[in-house]
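Asker: Could you work out the structure for the sequence below:
(2 chains)
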Amino acid sequence: MVKSSVPDMDISSKYHIPLILIIISFIIYLSTICPTVYPGDSGELTVAAYSLGIPHPSGYPLYALIGKLFCLIPIGNIGFRMNLMSIFFSLVTVWILYSIIYKITSSIVASIFGAFTLAFTQLYWLQTVSAEVYPLHTFFMALLIRILISWDEKRDIRYIILFAFITGLSFVNHLQTIMLAPSVLFFLIISDKKGVFNLKTFAILSVFFFFALITYIYLPIRTNADAAIHWGDPDNLKNFFDVISGKSHRSVYVFNMNLMGYMIRAKDALEIVIRQFGLISLIGIWGFIKLPSIPWKMFYLGIVIFDFFYTIFLNTVILEITPFNLPTLIVIAILAGIGVSDLLKRCREIYFKSNLRLYNVSNIACGFIPIIFIASNYYICDQSRNYNGYEHAQNIFRTINYGGTIFVESDNNLFPITYNRIIERMREDVILYDRYNLFFKIPYIGDNNGTFVYHGKWSDLLAVLEKKVIERRSAYGIFYSLPDPHPISLPKNYSLIPYGIISMVVNDRIEIDQKKRVSIWNYYATESLEDNFYLDYMNREITANYHFNKGKHLIMLGGIEPGLRRLRLASQIGYDNDSIHNSVSTFLSDYGFLNEAKEELEKSMPYYHDPANLYNDWGYYYSKSGDLSSAIDSFNKAIDIDPENVLYQNNLGFLLLDDGKMDEAIKIFRNSLSIESGQEHIQEIVKEYDNKNKDK
Amino acid sequence: MRNMIKRATILFVLILLTFSAIWTRAFIGSIQNFKEGKEYFNDQQYIKAITFFDRSMHWYTPFNPYIERSAEYLSKISEQADQINDDQLSLIALETIRNSFYSSRSFYSPGANWIKRCDDEILNITKDQNENRFKTGDENDDKDKVYRQDIVYNDPAIFWTIVLEIGLFGWIGAVIGIIFFCLEPPLKTDKFTHTYWFWILFACISYSLWIIGMIKV
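Answerer: So this is what the prediction gives:
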């Protein structure tokens, strides 16, 4: 190891200085913490902790169980308390990291440098100011490395048993823990194969590992207890394994890209990591070179490689939403600490006799590096004025009539709404359903008084269930909060119109209260949405959607210029969100702003996740601009890529219908109905065509 | 022993400091937002005033007079909205009071009187709508019941929550105890036997408490 021959400070400072720094870091974190629920998963995770419920797979039982303790702190609101939990685990991680680097280098300065630089990197800090599972994950990662170092030092088998147990607990928090396995196994095999991999030890390790996994028993128990939320109902064996293995997420996020996609993702992931530490990454590389032990070199390298493997291939959620690279950052911080320790040692050798003052200056300078990180990242990580998630959900509820019903879709709508409803008891008169049927399930009442079994696709059933609700409850107002309201299929004589920041189902035969529709904007809380602070992807989505809806509203009222300004702002804020560009482009096409619509589509091209959707959007634009052959060509390309999407089929069908190509259009519509049978409007068109043909 | 006392004192002081810092942060947040809310109130910008009184109340701290004062101002906004027949504004102000108090629950629930008062007033304002709320055109009540969403909160009971948490940390601690005090030599001494049974028993009791807590909570 890179131990210093002379300690760089008085040994009594070993704990005092980091303790003071931890307190200072706590105060800085506290001044930047999000004051309530944060957009994205935070709302769901907070509700899960508060209600001892089950959030999205893998269920996060340990997070919920520990989080519940934080919910009991009688200060602030429950969202804020769960954000405090992130601060707590981030600080404990920094402390452990300090002790790791100190253990390796015996240098207080190097330990402060490594640990506190990590504390104020952008990625780490942003995870600290909101409720997320990653601070707990980084805590476990740091703890596991610390235990392994202790084992390596003492060769006491109990540390490996502890390691197995803590790995189990970490696994119960986040599945990414599995990526630690190759490095650890390699390290153990190289270091002490006989000592660890004999039958008796292996059996004991397995017992303790699986004992920790028993924490998953929380899932069926809390589902049976009917906790306020229980995603995936894991109270039977199939659902249980689906939840803990993240099955429902696997199809969406695992190995779902082409080669180019993976290359771009790898580049982005690398960029994110390098951006966190900047030049300090080079000191990390130096630290890696200076590591005298090959097994430890391979161990750290293994963590980084498998962490990247997970980020690039196994969970392809947008990188800004899910910081899977945190274990890599921990490794870089450790290595940077080791690197600095070595550099200081060299400085000492050079200056010790000739210029002691210069040596002291270099020491102090290293200790002060984290201050540069604080200064440069403070603005970005300061989320103390961020009420976006809360205000967004509040505004949705304010839009709904008394006794009205709302269908909700997408994380950014559903999770803050779930928080506001279950924790704050917001608008208990409103009937709330989520379109994934996870938390607020849609009931069915057909003609058979209850007993109802369905074996088809969820989208077909959803259409049936929604229609029943709309027919029965439309008098009190039916609303949708969706990222894209276009694919909704409604019963005959009903349409979906923009209504404030959401959409409302209206009966075509009944006139709606336009005055109320306009005045709803006066009741919105907009301070956070109009404020100027750094927004991450999820925040940008909420804010951009707000400006988009406001712009739409203004243009529909005739305020073209202010409306277009809002749309431009929406496009600018949601610059990397294809869904925002898609919505803006479609709206602009509808209102004849074809140049602006085209610009939007061009802007969105680098960020499209789904090429089929891109072709569909171009098709829509071409159809509005009168270039029918390009439109048909684009829709066909969209269908070729995603033949199961009825929206693309219907768009092509309507275009052909407008173009007088009745037979071709009907063929497409029939195809669309074979995919999703419940589309009443399409059924009508086909039926009318068939009747005409019969008459002939 | 002296060392242990020293460590316990440091831990106690740290916890005290931590809570003081959190309390101060919340208290300052509450005052700042209250002041801003009051400015907007005086300026008759009621929605903005509601936003800041709402924020002030969300920075709940025990012994904080600004929580009560924010609730009073919100109530005033509701009254003034009633006078100009703006039901929506009135409902928003009342909802804000009750939501804020609900969001501040911990092992006790502050503002129970306020919540009750707001519920009564909301019921009064929405009386007409409420009577018709669950009626549909065909008056087929049996079927329509399905759509009357009975909201299930199943809020965890505080006592069982505490039992559960003690159980959780107890069994995790006990397993670590087993690892360090039972799995290595000396293997067959009286001391070992006692230690062994102590940790096993501790783990079993804690584990049972945890399971019972999860079921009963």
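Asker: So which residues make contact with stretch A:499-511?
Answerer: Stretch A:499-511 is touched from outside by A:392, A:395-396, A:398-400, A:406, A:470, A:474, A:477-482, A:485, A:490, A:493-498, A:512, A:517, A:520-521, A:524, A:545-546, A:549, A:553, with contacts defined as CB atoms under 8 Å, 6 or more residues apart in numbering or on different chains. Where you see a C-beta, it was placed from the backbone N, CA and C, and this is true even at glycine.
Asker: can you rerun that using 7 Å?
Answerer: For stretch A:499-511, contacts defined as CB atoms under 7 Å, 6 or more residues apart in numbering or on different chains pick out A:395-396, A:399, A:470, A:474, A:477-482, A:485, A:490, A:493-497, A:512, A:517, A:520-521, A:546, A:549.
Asker: Enumerate the positions of that stretch that are buried.
Answerer: For stretch A:499-511, a neighbour-count test (16 or more other CB atoms under 10 Å in any protein chain shown) marks A:Tyr499, A:Gly500, A:Ile501, A:Ile502, A:Ser503, A:Met504, A:Val505, A:Val506, A:Asn507 as buried.
Asker: Could you give the average pLDDT over that stretch?
Answerer: Mean pLDDT, stretch A:499-511: 91.
Asker: and it, how far apart are its ends?
Answerer: Terminal residues of stretch A:499-511 lie 14 Å apart, using CA to CA, to the nearest Å.
Asker: Residue ranges in the chain under the pLDDT threshold?
Answerer: No chain in the question, so chain A it is. Where chain A drops to pLDDT under 70, the residues are A:1-13, A:250-252, A:352-355, A:444-453, A:696.
Asker: hmm, I had chain B in mind actually
Answerer: Within chain B, the ranges that satisfy pLDDT under 70 run B:129-150, B:184-193.
Asker: hang on, the earlier thing: among the buried residues of stretch A:499-511, name the ones in strands.
Answerer: Taking DSSP state E as the definition of strands, the buried residues of stretch A:499-511 contribute A:Tyr499, A:Ile502, A:Ser503, A:Met504, A:Val505, A:Val506, A:Asn507.
Asker: Toward the C-terminus, what is the element adjacent to the helix ranked longest in chain B?
Answerer: Counting by DSSP state H, the longest helix found in chain B is helix B:2-42. The helix or strand immediately downstream of helix B:2-42 is helix B:46-58, counting by DSSP states H and E.
Asker: So is that following helix next to chain A?
Answerer: Yes. Interface with chain A: helix B:46-58 contributes B:Ile47, B:Lys48, B:Thr51, B:His58 (CB under 7 Å from any CB of the partner chain).
Asker: tell me the angle of that helix relative to helix B:2-42?
Answerer: In terms of direction (axes from the mean of the first three to the mean of the last three CA atoms, to 10 degrees), helix B:46-58 departs from helix B:2-42 by 170 degrees.
Asker: Check which helices and strands helix B:46-58 sits against.
Answerer: helix B:2-42, helix B:65-83, helix B:87-103 (3 or more CB pairs under 7 Å, 6 or more residues apart in numbering or on different chains; DSSP states H and E).
Asker: After the helix or strand encompassing A:Ala638, which helix or strand is next?
Answerer: Using DSSP H and E, A:Ala638 sits in helix A:628-641. Later in the chain than helix A:628-641, the nearest helix or strand by DSSP H and E is helix A:646-658.
Asker: Could I get the CA-only coordinates of that next one as CSV?
Answerer: C-alpha atoms of helix A:646-658 as CSV (Å, rounded to 0.1, in the frame of the first residue of the first chain):
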residue,chain,number,x,y,z
VAL,A,646,-52.0,1.3,-33.9
LEU,A,647,-51.3,5.0,-33.8
TYR,A,648,-49.0,4.7,-36.8
GLN,A,649,-51.5,2.4,-38.6
ASN,A,650,-54.3,4.8,-38.0
ASN,A,651,-52.3,7.8,-39.1
LEU,A,652,-51.6,6.1,-42.4
GLY,A,653,-55.2,4.9,-42.7
PHE,A,654,-56.6,8.5,-42.3
LEU,A,655,-54.0,9.9,-44.7
LEU,A,656,-55.1,7.3,-47.3
LEU,A,657,-58.7,8.1,-46.6
ASP,A,658,-58.1,11.8,-47.1
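Asker: thinking again about what came up before, please spell out the PyMOL selection for the buried subset of the residues of helix B:46-58 next to chain A.
Answerer: A single PyMOL command selects the buried members of these (16+ other CB under 10 Å):
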select buried, chain B and resi 47+48+51+58
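Asker: Mind picking the two most distant members of the buried residues of stretch A:499-511?
Answerer: Maximum pairwise distance in these, criterion CB to CB, is 21.8 Å, between A:Ile501 and A:Asn507.
Asker: which residues sit in contact with A:Arg348?
Answerer: Neighbouring residues of A:Arg348 by CB under 7 Å, 6+ apart: A:Tyr359.
Asker: Make sure it is indeed in a helix.
Answerer: Yes. The assignment for A:Arg348 (DSSP: H, G, I helix; E, B strand; the rest coil) places it in a helix.
Asker: what about A:His609, helix or strand, and which?
Answerer: Going by DSSP H and E, A:His609 is not in any helix or strand.
Asker: if we look at stretch B:163-178, which residues are touching it?
Answerer: A:65, A:68-69, A:162, A:165, A:211, B:199-200, B:202-203, B:206-207, B:209-210, B:212-214, B:217.
Asker: Likewise for stretch A:266-280?
Answerer: By CB under 7 Å, 6+ apart, stretch A:266-280 touches A:117, A:121-123, A:281, A:284, A:308, A:311-312, A:319, A:325, A:328-329, A:332, A:336.
Asker: which residues touch A:Glu471?
Answerer: A:Pro491.
Asker: Ok, A:Lys624 next?
Answerer: A:Lys624 touches A:Ser589, A:Asp590, A:Leu594, counting by CB under 7 Å, 6+ apart.
Asker: are any of these buried, and which?
Answerer: Here, 16+ other CB under 10 Å leaves A:Ser589, A:Leu594 buried among those.
Asker: and which of the contacts of A:Lys624 is nearest A:Lys345?
Answerer: Nearest to A:Lys345 among these is A:Ser589, at 65.3 Å by CB to CB.
Asker: Touching, that closest one and A:Ser623? I think so.
Answerer: No. A:Ser589 lies out of contact with A:Ser623 (CB atoms under 7 Å); the separation is 8.3 Å.
Asker: Could you list the residues of the stretch 301-450 of chain A in contact with chain B?
Answerer: Counting by CB under 7 Å from any CB, the stretch 301-450 of chain A sits next to chain B at A:398, A:402-403, A:422-428, A:431-432, A:443, A:445.
Asker: Please narrow those to those residing in strands.
Answerer: Per DSSP E, the subset of these in strands is A:Ile431, A:Leu432.
Asker: Mind checking which of the residues of the stretch 301-450 of chain A next to chain B land in helices?
Answerer: Those of those lying in helices (DSSP H): A:Arg398, A:Ile422.
Asker: List only those of the residues of the stretch 301-450 of chain A next to chain B flagged as buried.
Answerer: The neighbour count (16+ other CB under 10 Å) marks A:398, A:402-403, A:422-427, A:431-432, A:443, A:445 as buried among those.
Asker: Can you name the residues that contact residue 41?
Answerer: In the absence of a named chain, chain A is used. Counting by CB under 7 Å, 6+ apart, A:Asp41 makes contact with A:Glu132, A:Asp411, A:Phe415.
Asker: That was the other one, I meant chain B.
Answerer: Contacts of B:Phe41 by CB under 7 Å, 6+ apart are B:Ala49, B:Tyr73.
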